[in-house]
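Visitor: Sequence plus predicted model, see below.
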Protein chains: 2
Amino acid sequence: MTETPVLRSNARRNRDRILEVAHEALTASADASLNSIAKSAGVGIATVYRHFPTREELVLAVYRMEVAQVVDLAPELLERSAPIDALRDWLLRVARYGMTKHGLAAAMGALREGCADEARGKILGAIELLLRACEDAGAIRPGVRADDFLLAMTGLFRMDPAGDWEEQARRLIDLLVTGLEAGAPRR
Amino acid sequence: MTETPVLRSNARRNRDRILEVAHEALTASADASLNSIAKSAGVGIATVYRHFPTREELVLAVYRMEVAQVVDLAPELLERSAPIDALRDWLLRVARYGMTKHGLAAAMGALREGCADEARGKILGAIELLLRACEDAGAIRPGVRADDFLLAMTGLFRMDPAGDWEEQARRLIDLLVTGLEAGAPRR
DNA sequence: ACCTGAACACCGTTCAAGT
DNA sequence: ACCTGAACACCGTTCAAGT
């Protein structure tokens, strides 16, 4: 992934500790300050900057760890369910994920579009995988683009964590999947 | 709308000037500083705070002006097109709107959920109007909730203003409308 | 090599003082 | 009533100095 230029062991330890603390802090609040993160991690601010040259870079590093989890879930779900169910499940998990890590979702949303490309690419890969599986099964209309569907999913990250978000997520997912199913060969 | 407690004429002039400048500045960049806005408006910072007790309040005031425009568009479109076409047109206009005022859309996105309630209510009203008209015409499946559809539309504000956003908007709108049309009585 | 904390230029917000 | 700008407590970021 990121190149690992063999850090000294204490440097490596610092880096991990910063990431861990940043993960906690950003999950709790999207605008946790770098100073507070450095203090919680027990390092000087400049050490944070040594490892992550800018605030955005740190947020992105945390983001990447999270994205990997969600992305890896797609093939697992496909192994044990029909493609269309796997898609539904995956979307619900993404929503749940976005809700438990609400601060993080907000922090990600505030990032400049371009700089999240790597993570975005991975998510697009997972969507592509799910869509193509559904397509091959004849469960959805063919030709829907992964990037379009990612845009359509955006709302899953924008729900109110208080209250009935799970119900709302289900309804949104129904709306989206119904859209995909329209014009499917096998229906 | 907002109560108008009869401001002195120079106060009123200041308020208008601040709003005007803030509109320009926030359109250009979502994180234009209040200090810079005050300077451009030719008033002291504290004057900005007198009229808008917090940054959020100012952003929201600008936001409200913008929302009104989009909301008023819905009945106009319904008057001169079939409901389903009015819906499509409206969605495209919303997307175009979000793109020309990208900074503003970003600033709005950063607002706490709850505080935009008034504006949110108006938008929900416009969506409700369009959905019910389509429903009455038998063009879409009945029972789709306005708040769910608003969530599904979220992506329209999250497109990349550089490049082919209009194409992407059209594809996203197609995806959404196809979802609505599935199970419509008259198809 | 890697770390530190004081220092810099900002930010949103407040407040004593002016007319 | 309404306005002003200096002041406050922060922020992200940098840099000279330490081991």
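Guide: Cool, the structure landed.
Visitor: domain assignment for chain A?
Guide: Listed domain ranges for chain A are A:1-53, A:55-181 (source: automatic domain parsing).
Visitor: And chain B, is the shortest one touching that?
Guide: Going back to what we said before, that points to domain A:1-53. No: contact check for domain A:1-53 against chain B, using C-beta under 8 Å from any C-beta of the partner chain: none in range, with a minimum separation of 9.1 Å. All C-beta atoms are positioned from the backbone trio N, CA, C, and that covers glycine.
Visitor: ok, back up a step: will you turn the domains of chain A into TSV that also has distance to residue B:42 and mean neighbour count?
Guide: Listed next are the domains of chain A as TSV, based on distance: least, C-beta to C-beta, whole Å; neighbours: other C-beta atoms under 10 Å in any protein chain shown:
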stretch	distance to residue B:42	mean neighbour count
domain A:1-53	31	15
domain A:55-181	31	18
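Visitor: In a markdown table, list those along with mean pLDDT.
Guide: A markdown table is the format used below for the domains of chain A (pLDDT from 0 to 100):
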| stretch | mean pLDDT |
| --- | --- |
| domain A:1-53 | 87 |
| domain A:55-181 | 87 |
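Visitor: Out of those domains, which is closest to residue B:159?
Guide: Relative to residue B:159, the nearest member of those by C-beta to C-beta is domain A:55-181, separated by 6.8 Å.
Visitor: And the closest residue to residue A:51 other than its chain neighbours, which helix or strand is it part of?
Guide: Once its chain neighbours are removed from consideration, residue A:51 has its nearest residue in residue A:15; the separation is 4.9 Å (C-beta to C-beta, 6 or more residues apart in numbering or on different chains). In this assignment (DSSP states H and E), residue A:15 forms part of helix A:9-28.
Visitor: Are that helix and DNA strand C in contact anywhere?
Guide: Yes: taking C-beta under 7 Å from any atom of the strand as the criterion, helix A:9-28 and DNA strand C are in contact, through A:10-11, A:14.
Visitor: Near DNA strand C, which residues of chain A are found?
Guide: Residues of chain A lying near DNA strand C by C-beta under 7 Å from any atom of the strand: A:7-8, A:10-11, A:14, A:42-47, A:50-51.
Visitor: Quickly name whichever of the residues you listed is closest to DNA strand D.
Guide: The shortest approach to DNA strand D among those belongs to residue A:46, at 3.1 Å (C-beta to the nearest atom of the strand).
Visitor: Starting from chain B, give me the distance back to that closest one.
Guide: With distances defined as C-beta to the nearest C-beta, to the nearest Å, the gap from residue A:46 to chain B amounts to 25 Å.
Visitor: all helices for chain A, in order.
Guide: Across chain A, reading from the start of the chain, the helices by DSSP state H fall at A:9-28, A:34-41, A:45-51, A:55-80, A:83-100, A:102-109, A:117-136, A:146-153, A:165-181.
Visitor: Pull the distance from the longest one to the chain's centre.
Guide: With C-alpha atoms, centre = their mean, to the nearest Å as the basis, the distance from the averaged C-alpha position of helix A:55-80 to the chain average is 5 Å.
Visitor: tilt between it and helix A:34-41?
Guide: Here helix A:55-80 runs at 70 degrees with respect to helix A:34-41, directions being taken by axes from the mean of the first three to the mean of the last three C-alpha atoms, to 10 degrees.
Visitor: In chain A, what residue lies closest to DNA strand C?
Guide: Checked against DNA strand C (C-beta to the nearest atom of the strand), the nearest residue in chain A is residue A:46, 2.6 Å away.
Visitor: Identify the residues contacting the residue of chain A found nearest chain B.
Guide: Shortest chain A-to-chain B distance, computed as C-beta to the nearest C-beta: residue-wise this is residue A:179, at 2.8 Å. The neighbours of residue A:179, taking C-beta atoms under 8 Å, 6 or more residues apart in numbering or on different chains as the test, are A:152, B:175-176, B:178-180, B:182.
Visitor: gap between the residue nearest the centre of chain A and residue A:122?
Guide: The central residue of chain A, meaning the one whose C-alpha is nearest the mean C-alpha position (C-alpha atoms, centre = their mean), is residue A:67 at 4.0 Å. Plainly put, residue A:67 is 6 Å away from residue A:122 if you go by C-beta to C-beta, to the nearest Å.
Visitor: now do residue A:10
Guide: From residue A:10 over to residue A:122 the distance is 31 Å, taken as C-beta to C-beta.
Visitor: Would you convert the residues of chain A next to DNA strand C into CSV that also reports distance to DNA strand D?
Guide: Compiled in CSV, these are given as follows (distance: C-beta to the nearest atom of the strand, whole Å):
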residue, distance to DNA strand D
A:7, 15
A:8, 11
A:10, 11
A:11, 11
A:14, 12
A:42, 15
A:43, 12
A:44, 8
A:45, 5
A:46, 3
A:47, 9
A:50, 8
A:51, 11
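Visitor: Which single one of those is nearest to residue A:26?
Guide: Closest approach between the residues of chain A next to DNA strand C and residue A:26, by C-beta to C-beta: residue A:51, at 15.4 Å.
Visitor: Quick one: residues contacting the nearest residue to residue A:129 once chain neighbours are set aside.
Guide: By the measure of C-beta to C-beta, 6+ apart, the closest residue to residue A:129 outside its immediate chain neighbours is residue A:74, 5.3 Å from it. Taking C-beta under 8 Å, 6+ apart as the criterion, residue A:74 is in contact with A:86, A:90, A:126-127, A:129-130.
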